[in-house]
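1. Here is the input, now give the coordinates:
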Amino acid sequence: MTIHGDHPFLPPESERSPVRRFRGRLPSPVSLWTTQYAGKRAGLTVSSILVADGEPGAVVGLIDPDSDLWETLRQAKTAVVSLLDDRHRQFADAFGYVAPAPGGPFKLADWTDTEWGPAPVGVTTWAGCRLVTEDPAEVGWSLQVQLEIAHVELTAEERPSLAHRRGRYYPV
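-> Numbers count the residues shown, from 1 in each chain. Got it, this is the predicted structure:
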């Protein structure tokens with residue numbers, strides 16, 4: 001077995017999307033969206049995210065329409081949006097399905113069940129949210145999912161938040 005520094009699934013430069021490469025040059029927050037319906041848990045790392053203040057506040061994210069998260073979120077109509085920090089790099093990769101997670105990514109941490117879905121123990125900032133519409137607009141290859149913020153959990157920030165830029169994580 002050979003270990004190398006290149007990403008094993010990275011297509012050759014000539015085959016990469018210029019729009020995706022443009023987006024990749026923007027720093028993006030790393031969040032984890034989790035939900036649960038009828039005993040089935042689903043989660044996905046989401047970096048295409050916007051938080052809007054207001055009454056009520058909102059979270060907008062671009063979600064893969066074929067993801068387990070979207071299928072389960074449509075049924076549950078609630079989700080937890082957690083902001084990950086520097087400790088959660090492996091966690092982010094596992095829920096982004098780019099790193100192995102024997103037994104599934106939910107086995108990597110302990111969870112607190114909330115009325116909005118599972119919240120990872122040890123994450124200091126998260127929001128409990130409700131799905132605004134079951135039929136969101138398509139944006140590129142994603143769905144533009146809007147959640148209404150019903151609850152925000154903030155604790156003392158011990159570590160920098162995690163950002164993603166050009167395939168790498170950075171504390172900010």
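
2. all contacts plus neighbour counts: C-alpha atoms, from now on.
-> Fine.

3. what about the longest helix in the protein?
-> Ranked by residue count, the top helix of the chain under DSSP state H comes out as helix 68-76.

4. strands paired with whichever helix or strand comes after that helix, and their directions?
-> Per DSSP states H and E, helix 68-76 leads on to strand 78-83 as the next helix or strand towards the C-terminus. Sheet pairing for strand 78-83, assigned by DSSP bridges, gives strand 31-37 (antiparallel), strand 125-131 (antiparallel).

5. Tell me which residues of the last one come out buried.
-> Within strand 125-131, the residues that count as buried by 16 or more other Cα atoms under 10 Å are 125, 126, 127, 128, 129, 130, 131.

6. Tell me how far it lies from the chain's centre.
-> Centre-to-centre, strand 125-131 and its host chain are 12 Å apart (Cα atoms, centre = their mean, to the nearest Å).

7. what's the angle from that strand to helix 68-76?
-> Going by axes from the mean of the first three to the mean of the last three Cα atoms, to 10 degrees, strand 125-131 is angled at 60 degrees with respect to helix 68-76.

8. Then the first one?
-> Interaxial angle of strand 31-37 relative to helix 68-76 (the same axes, to 10 degrees): 50 degrees.

9. Quick one: mean pLDDT for strand 31-37?
-> Mean pLDDT, taken over the full extent of strand 31-37, equals 98.

10. and if you look at the last one?
-> For strand 125-131, the per-residue pLDDT values average out at 97.

11. List the buried residues of stretch 137-145.
-> So for stretch 137-145, counting by 16+ other Cα under 10 Å, buried means 142, 143, 144, 145.

12. quick one, the strand ranked longest in the chain and strand 78-83 angle?
-> The single longest strand within the chain, with elements called by DSSP state E, is strand 142-154. Per the same axes, to 10 degrees, the angle that strand 142-154 makes with strand 78-83 is 70 degrees.

13. Packing partners of strand 142-154?
-> Counting contacts by 3 or more Cα pairs under 8 Å, 6 or more residues apart in numbering; DSSP states H and E, strand 142-154 is packed against strand 58-63, strand 125-131, strand 137-139.

14. what does the least confident helix or strand in the chain by mean pLDDT rub up against?
-> Between all helices and strands in the chain, the lowest mean by mean pLDDT, DSSP states H and E belongs to helix 18-24, at a mean of 82. Contacts with helix 18-24, where a contact means Cα atoms under 8 Å, 6 or more residues apart in numbering, come from 165, 166, 167.

15. So which of those residues belong to helices?
-> Among the contacts of helix 18-24, no member falls in helices (DSSP H).

16. Out of these, which comes closest to residue 94?
-> Residue 94 lies nearest to residue 167 out of the contacts of helix 18-24, by Cα to Cα, at 14.4 Å.
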